[in-house]
Structures are given as C-alpha cells and as structure tokens.
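Visitor: pasted the sequence and its predicted model underneath.
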Amino acid sequence: MNRTDIAVTGLGLLTPGGLRTDTSWRSVCTGISTAATDPELKGMPVDFSCRVPGFDAMATLGPQVWRMDRFVQFAIAAAREAVTDAELSPETWDGARVGVVIGVGTESKYAMDDAMQRRFDGRPLTVSPLTVPRMTTNMAAGEVAIDLGIMGPSMAVSTACASGATALGVARDLLLADRCDIVLAGGSEASCHPVTSLCFSQMKALSPRVKDPARASRPFDKDRDGFVLGEAAGILVLERGADADARHATVRAYFQGYGTSTDAYHYAASHPHGAGIERAFRSALADAGMEPADIEHINAHGTSTPMNDRIEAQALSRLFRADPPPVTSTKGVTGHTLGAAGAIEAAFSVLALQDQLIPPTANFDSPGPGIDLDVVAATPREQSLRTVASNSFGFGGHNSVLIFRAAR
C-alpha cells in the first residue's frame, strides 16, 4: 500500500433518482431521464426540472431543519449516509483529525427570495435573522461539521459546475499533506428555484422542450438544445489507504489522480479548442502516474448544451488520439445539478468500477457534428474496468478531472 493511495470508503447520495446511493445508482443505470414538469417553476419560460423526489427534511433530520436551507439539508443527509457506509462513528473518531469540504455552485435562492419578497411586500422587519447563515455557501460544510462533530478543516469550494469535483481534489490534498485522517468531501445544490431557472433560461442555457421534458437532457446527441436544471448532494468519505486498511475498512475504490486548470478565456464559455480541458486531464494523469491509454471509461461533463458537449468531445478525441474509451454522461438522467454534479458523478464512477458496469446516456440517439465518441446508450454496458475518469467544468473557465482506480 502506497501512502499516496487515497481510499474511498463511503458514499452518500441524494439525487433526482433517489434518496440513497443504491436507488440513485439504479436510476442512472436505467438510462431514463428524471426530468418532469415542476410545479414550483410554474410561469417560468422553462417549467421542468430534475428534482429530488419525496425528500422529507423534518423526518430525515429532525427539528433542526428550521434553520437550514435546502442545499444544507441535502448535504447532511448525504454525509450521514456516507459515514454509515464507511462504518465510521463520530462517537469514536478524533474529530480534530476529520475534515469536511463541500462544493456549492450558487448561494441559496430560497433564503434570499424570501427576504426580498418580504421587503417588497412592505414587511422588512419580518425578514428572518437567519437569512444570512441560511444562504451562504459555507453552511453546507459548517452544518455537516456541527452534525457530525467534525473539528478539523471545514470549508466550502465554489468553482461553479466543477465545485463538487474541486472539493474532492482539495480533500485529497488535505490527506496527502497529513492535515486530516478522514475527509468528507463532495457537493450539494438545491437549484430548482424559479430565479435560477429564469436566469439560466435567459442565457439560453436550458433546453426549452416544455412539451417533452423527459427527452430534453440528451448529452452529445445531435438534437441537444440545452441542459435540464437538477438538484442533488453527493458525499464521499476519503482516507489514506493505509489508514483504511488498518481499521479493516471496505475500500470501494482508490482516488488515484486529480487535475485542475483554468481557461482564462471567457466568463461562461469553454475555450473553443478545449485547451484547459486537456491541461486538467493531463494533470490528473500525471498525478495518477498514468497515460491516456490507461483510462478505460470516462464519466463526461456532458451537459447537453450544443457548444460545450462538442468542445469536450473534441478535446477527448485529441487527448486519446481519436480513440477515446467508452463515454457516458449521467446528466441525461439526473439533469445538471451544478455544484453537486462533480460529486455525484464521482460516486457514479466509483460504482461503475465496483459493478463493472457503465450506465447509459439517456436520450442519445445519434451523435452531433464533431462528436466522435463511443457514447454508451440505451442499456448499461458490462465491461472490465480498472480505471475511470470523471470530468467537471464550470463558468469562469474552471476545469477539474478526477481519476479512480478499482480496489480489486
């Protein structure tokens, strides 16, 4: 066991496909989109989303939920599942040696919207004194730390839609620097809000298929026309491999490499040649001690937008010399969960390694121009997998690539 091996020992997921890891994984493996008309988005130009189904915050978390925004509630639920899955207990760990890093792409719209509405209604003194702590992005990490007695590093990461993946990279660095023995890392986002939907719609980023939401999210397909807004949380428990072995933990996979870069090109669009994507991927390969040929599957960023899917596909074709490994985008099922996307897709990558199964890309019928990839579609593909890469990119030119290795 190499000291630089970082083990994934626990997973916690809350996604449009289900309230736990097992139900979320089964959902993405069906290849059936979760997008549906959303009553909360009534009156918006795009009135559908991929919403987490049936989440009862009070029943799940208890009366403390009154002080928490939805994205914080999601994070705690996912963190609790991940800790249980890792067979860890806050009662027995050294909280000062445990950290939490959670990516959030956008601050809460729920808390701010409520405060603004009260102001405009002429009731400014009824604004909750908890508005600020409810809306700030660091509260997912802060409340998880409170809930689980974590007294080591606790921080938020915000790199737009790469936030969840970046958080995992930061957590890996904390472990390698020996600042922690255990880190809970991932992302959380509760973005299915009218304001969020309206703003992305005005950017022409969302698919306008209001008459057929289930067919709207179609990464890499020739008829793709924008992404579908989603919400989710994903938390992974990370430990040094030697520490996991010492406590006889079940290792789901190893987090072998992390690479990051910035395009320094545009506030919203990726570099047209995907130069930053390539830099991040090559950096992750170098960190993992691998070559492109070592990667056997890619969970792509694949948002279903015309330009970004093409740029990612062409970058992968160059990197892999026109022969990329099988690619999927689970956003076809989950929609785009923004800051949580990189985390839930990291978990799906780990599960792909465990089950030796690549989930299909929902609604992929035929590739668009410039998409020269082996896109897994229709049904899951059974394949011997030793390594999986997961891509995440965000507004501002942020690029993060994660590489996982099978535990077997």
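Guide: Great, that's in hand. Numbering: from 1, shown residues only.
Visitor: so which residue is smack in the middle of this structure?
Guide: Ala341 (2.2 Å; Cα atoms, centre = their mean).
Visitor: so where's this structure uncertain?
Guide: Where the chain drops to pLDDT under 70, the residues are 1-4.
Visitor: and with 90 instead?
Guide: Residues of the chain that meet the criterion pLDDT under 90 lie in 1-4, 64, 66, 106-113, 133-135, 322-324, 408.
Visitor: ranges for the strands of it?
Guide: For the chain, the strands defined by DSSP state E cover 6-14, 36-37, 48-49, 98-103, 154-157, 182-189, 232-240, 253-262, 298-299, 327-328, 357-358, 381-382, 387-394, 398-406.
Visitor: neighbouring strands of the first one in the sheet, and parallel or not?
Guide: Sheet pairing for strand 6-14, assigned by DSSP bridges, gives strand 232-240 (antiparallel), strand 253-262 (antiparallel).
Visitor: now the fifth one
Guide: Using DSSP bridges, the neighbouring strands of strand 154-157 in the sheet come out as strand 98-103 (parallel).
Visitor: so which bits of stretch 377-392 are buried?
Guide: Ala377, Pro380, Arg381, Leu385, Thr387, Val388, Ala389, Ser390, Asn391, Ser392 (16 or more other Cβ atoms under 10 Å). Bear in mind the C-beta positions are built from the backbone N, C-alpha and C, glycine included.
Visitor: how far is that stretch from where the chain is centred?
Guide: Computed by Cα atoms, centre = their mean, to the nearest Å, the separation of stretch 377-392 from the middle of its chain amounts to 16 Å.
Visitor: may I have stretch 57-76 as CSV, with CA atoms only?
Guide: Taking Å, rounded to 0.1, in the frame of the first residue of the first chain, the C-alpha atoms of stretch 57-76 are listed here in CSV:
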residue,chain,number,x,y,z
ALA,A,57,-36.4,17.1,5.7
MET,A,58,-38.1,17.0,9.1
ALA,A,59,-38.4,13.2,9.1
THR,A,60,-34.8,12.8,7.9
LEU,A,61,-33.0,15.4,10.0
GLY,A,62,-35.3,16.4,12.8
PRO,A,63,-36.4,19.8,14.1
GLN,A,64,-33.0,21.4,13.5
VAL,A,65,-34.1,21.8,9.8
TRP,A,66,-35.8,25.1,10.6
ARG,A,67,-32.5,26.9,10.5
MET,A,68,-31.2,25.2,7.3
ASP,A,69,-31.7,25.9,3.6
ARG,A,70,-32.5,23.0,1.3
PHE,A,71,-28.9,22.6,0.0
VAL,A,72,-27.7,22.2,3.6
GLN,A,73,-30.3,19.6,4.4
PHE,A,74,-29.2,17.7,1.3
ALA,A,75,-25.6,17.8,2.4
ILE,A,76,-26.3,16.5,5.9
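Visitor: tell me how many other residues crowd Leu125.
Guide: Using other Cβ atoms under 10 Å, Leu125 is surrounded by 7 other residues.
Visitor: nope, Asn399 is what I was after
Guide: Neighbours of Asn399 under the rule other Cβ under 10 Å: 32.
Visitor: also Gly370?
Guide: Neighbour count of Gly370, defined by other Cβ under 10 Å: 15.
Visitor: give me the neighbour count for the residue nearest to it when sequence neighbours are not counted.
Guide: Among residues not flanking Gly370 along the chain, Arg310 sits closest, at 4.4 Å (Cβ to Cβ, 6 or more residues apart in numbering). Applying other Cβ under 10 Å, we find 20 residues neighbouring Arg310.
Visitor: got the phi and psi for the most far-flung residue of the chain relative to its centre?
Guide: Distance from the C-alpha centroid of the chain peaks at Gly122, with 38.9 Å (Cα atoms, centre = their mean). Note on Gly122: backbone dihedrals following degrees, to the nearest 10 are phi 80, psi 20.
Visitor: how much space is there between it and Pro292?
Guide: 61 Å (Cβ to Cβ, to the nearest Å).
Visitor: give me the nearest residue to Leu238, chain neighbours excluded.
Guide: Nearest residue to Leu238 in three dimensions, chain neighbours excluded: Val183, at 4.8 Å (Cβ to Cβ, 6+ apart).
Visitor: wait, Leu198 touches Met44, no?
Guide: Yes - counting by Cβ atoms under 8 Å, Met44 is a contact partner of Leu198 at 5.5 Å.
Visitor: who's more crowded, those two?
Guide: Legend: neighbour count by other Cβ under 10 Å for Leu198 and Met44, higher for Met44 (19 against 16).
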